[in-house]
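A.B. asks: Got a predicted structure plus its sequence, pasted below:
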Amino acid sequence: MPLPSVERLAAALAAAVGTEVELTRPNDPAHGDFATNAALKLAGREKRNPREVAAGIAEKVAAVPGVERVEIAGPGFVNLFMSTTWYAEAAAEIRAAGSDFGAGSATAAGTQQRIQVELVSANPTGPLTVGSARNGAYGDAVARLLRFAGHDVVEEYYFNDSGGQMDRFRQSVDARRRGEQPPEDGYVGAYVDDLAKLDGDPVERMLTAIELSLARFRVHIDSWQKQTVIEQEIPEALKAVDTFVEDGATWVRTTAHGDDKDRVVLRSNGEPTYFAADVAYMHHKLRDFDRAIYVLGADHHGYVARLKAIAAMIGGDADRAEVLIYQLVHLLRGGEKARMGKRSGNVVFLDDLLDEIGVDAARWYLVERGPDQTLEIDVDLATEKSRKNPVYYVQYVHARTCGLFREAGDGAEIGGEPPAELAPEEKELIKQLAEFPYVVAEAAARRGPQAVPTYAIQLADDFHRFYHECRVLGVPEQAWRLGLVQATQQVIARCLDLVGVDAPERM
RNA sequence: GCGCCCGUAGCUCAGUGGAUAGAGCGCCCGCCUCCGGAGCGGGAGGUCAGAGGUUCGAAUCCUCUCGGGCGCACCA
């Protein structure tokens, strides 16, 4: 939930203007604590002089509680300067909200849903690679954001436990056990050799290894879904979609819902295709959930249209299936670019990456960039275990706030009266904190978790500047400033949690 | 050929209609008798790929062009 103090300001402004207004935080402090372009919008619509409209708005806004001063600037911006009382109120509200500050945007809007996020879903034919790691880091961050917004979220992992790929994988390990070459298109690599030395089904062992890797990576899977179970629901699911027979095969008419070609579900020999399982799985998902989110690599983008088509047939609305596509991960090693692939030689496994740069840096790097951006990780640089990683800069804020409370002692009063005049750094910090609810609400709505690290770095900047300029302990403003430290600690801890990074008390 | 994604500082990238386009890394110059210097301040570095268009206003929206990535199975 956004701060009442900010909402009140927006509401008062809307009342003054007569319509919803945008409230922005200018980069330049000279442009006020908040600004609105309402006059520009209004003037355009009503064919009036923007500065005259702005003057009218400014006059009314000057009377709004908490507004200390109003200025008209540029082409017709109305710039607002807030009073110390307003800042104190905002700071108190943030602390009162505690760790829930910023939560519940979907609940407030009445749009909360039961959502399944299907993520990773790599077949158990090898250890998770860095590509799957991006899927996990991105998908899990989206899931955490949606949960924070108030949705009921289940994270599911779907895997193939039968079929050609599994057979080839088992045969590859068996061949190795007999000291023979793997079959054509078989699996090779050190991990195959290792599995050959162990007894039992290599698929089961791989699954266990994947579970351990994900747990280490702090991706919690609520539900593991087997393909063989879903396949049993194929006949029932096919009744729910529009099919026809041609050339001896059974097709789904996905073109009726925007796909560029119809898709075969039953081959002319009667065998179901892989897409038939997709249909059954969609049927399964939409029975239990309002919305099914798929997290897929860019090499699967061709699936989007057909998945949405069957969602339209089964669920009555294509939007009940949502496919999040993330671009591939490239690794830069020794200045050379290497494509990821389980069977190519130049492969980096998730566990190797975690050994090299740690869970915190890995999670951070993999969500810091937008999903549409091809990600490049320079392994040589990331391996350099040092404070060059921006994640440490943000974690340091948390450690520093903890240090201040340790130093202040248990009995210290937190959140006293503000001084008559606030330092610019104090104002910037409070405004930055007040923005958090909007950042997470938008990040959740847009499925763009990269906004969280970006925001966290800005907040870290503001806190470090505040810390540098405003002494906290042993000054008359101690209680007031400890209040700001506490508010920062809450928000930074939440940011780190949303991207799956630890918030350390000491570093 | 068709489709999806990308092109922003030397490098890796934020920024989905507002004021002087930002961060990290790298480079240059400052700041610890003072709560943690894993910090702070300052500087150099941009035709936001290009060309049109919409708009009071475009990195952002539309069209085209040029570059790069990824896909276009009765495979899984």
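C.D. replies: Cool, got the structure. Residues are numbered from 1 along each chain as shown, chains lettered A, B, ... in the order given.

A.B. asks: Name the residues of the stretch 101-250 of chain A found near RNA strand B, please.
C.D. replies: A:123, A:160, A:163-165, A:246-249 (CB under 7 Å from any atom of the strand). Every residue, glycine included, has its C-beta placed from N, CA and C.

A.B. asks: cutoff 6 Å now
C.D. replies: A:160, A:163-165, A:247-249 (CB under 6 Å from any atom of the strand).

A.B. asks: can you pick the most crowded of those?
C.D. replies: A:N160 (21 neighbours; other CB atoms under 10 Å).

A.B. asks: quick one: A:N79 and RNA strand B, what's the gap?
C.D. replies: 5 Å (CB to the nearest atom of the strand, to the nearest Å).

A.B. asks: Would you give the sheet partners of the strand or helix carrying that residue, along with the direction of each?
C.D. replies: Element membership of A:N79 [criterion: DSSP states H and E] is strand A:77-82. Each strand paired with strand A:77-82, and its direction, by DSSP bridges: strand A:34-36 (antiparallel), strand A:67-73 (antiparallel).

A.B. asks: and the first one, does that touch RNA strand B?
C.D. replies: If I follow you right, that is strand A:34-36. Yes - Strand A:34-36 is in contact with RNA strand B by CB under 6 Å from any atom of the strand, via A:A35.

A.B. asks: Sort out which residues of the helix or strand just after the strand holding A:N79 are buried, please.
C.D. replies: Per DSSP H and E, strand A:77-82 leads on to helix A:84-97 as the next helix or strand towards the C-terminus. Neighbour counts using 16 or more other CB atoms under 10 Å place A:84, A:86-95, A:97 of helix A:84-97 among the buried residues.

A.B. asks: same deal with stretch A:451-471?
C.D. replies: A:451-457, A:459-463, A:466-467, A:470.

A.B. asks: in stretch A:274-291, what counts as buried?
C.D. replies: Counting neighbours by 16+ other CB under 10 Å, the buried set in stretch A:274-291 is A:275-286, A:289, A:291.

A.B. asks: which other residues reach it?
C.D. replies: Residues outside stretch A:274-291 that contact it (CB atoms under 8 Å, 6 or more residues apart in numbering): A:113-116, A:118, A:154, A:158, A:225, A:227, A:230-231, A:233-234, A:236-238, A:240-241, A:252, A:263-266, A:292, A:303, A:306-307, A:310-311, A:314-315, A:319-322.

A.B. asks: Repeat the analysis, applying 6 Å as the threshold.
C.D. replies: Residues from elsewhere that reach stretch A:274-291 (CB atoms under 6 Å, 6 or more residues apart in numbering): A:113-116, A:227, A:230-231, A:233-234, A:237, A:240, A:263, A:265, A:292, A:310-311, A:314-315, A:320.

A.B. asks: export that stretch as CSV, just CAs?
C.D. replies: Extracted in CSV, the C-alpha atoms of stretch A:274-291 (Å, rounded to 0.1, in the frame of the first residue of the first chain):
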residue,chain,number,x,y,z
TYR,A,274,4.5,-33.4,-27.3
PHE,A,275,2.0,-30.6,-27.9
ALA,A,276,-0.8,-32.9,-26.8
ALA,A,277,0.8,-33.0,-23.4
ASP,A,278,1.0,-29.2,-23.5
VAL,A,279,-2.8,-29.1,-24.2
ALA,A,280,-3.4,-31.5,-21.3
TYR,A,281,-1.1,-29.4,-19.0
MET,A,282,-2.9,-26.2,-19.9
HIS,A,283,-6.2,-27.9,-19.1
HIS,A,284,-4.7,-29.1,-15.8
LYS,A,285,-3.4,-25.6,-14.9
LEU,A,286,-6.5,-23.6,-15.8
ARG,A,287,-8.6,-26.0,-13.7
ASP,A,288,-6.8,-24.9,-10.5
PHE,A,289,-5.6,-21.4,-11.4
ASP,A,290,-6.9,-18.1,-12.7
ARG,A,291,-3.7,-17.5,-14.5
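
A.B. asks: residue ranges for the strands of the stretch 51-200 of chain A, please.
C.D. replies: For the stretch 51-200 of chain A, strands defined by DSSP state E, counting those that start in this stretch occupy the ranges A:67-73, A:77-82, A:114-118, A:152-159.

A.B. asks: so what strands line up beside the last one?
C.D. replies: So that's strand A:152-159. Strand A:152-159 is paired, per DSSP bridges, with strand A:114-118 (parallel), strand A:223-226 (parallel).

A.B. asks: need those in TSV with mean pLDDT and mean neighbour count, can you?
C.D. replies: Below are the strands paired with strand A:152-159 laid out as TSV (pLDDT from 0 to 100; neighbours: other CB atoms under 10 Å):
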stretch	mean pLDDT	mean neighbour count
strand A:114-118	98	21
strand A:223-226	96	14
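
A.B. asks: Count the residues that sit near A:D299.
C.D. replies: Residues near A:D299, counting by other CB under 10 Å: 11.

A.B. asks: residues touching it, list them.
C.D. replies: Contacts of A:D299 by CB under 6 Å, 6+ apart: none found.

A.B. asks: Of the strands paired with strand A:77-82, flag the one that's most buried.
C.D. replies: strand A:34-36 (a mean of 22; mean count of other CB atoms under 10 Å).

A.B. asks: Identify all contacting residues around that strand.
C.D. replies: By CB under 6 Å, 6+ apart, strand A:34-36 touches A:21, A:23-24, A:26, A:77-80.

A.B. asks: at 10 Å what do you get?
C.D. replies: Contact partners of strand A:34-36, identified using CB atoms under 10 Å, 6 or more residues apart in numbering, comprise A:6, A:9-10, A:13-14, A:16-17, A:21-26, A:28, A:54, A:57, A:61, A:67, A:71, A:73-74, A:76-82, A:431, A:434.
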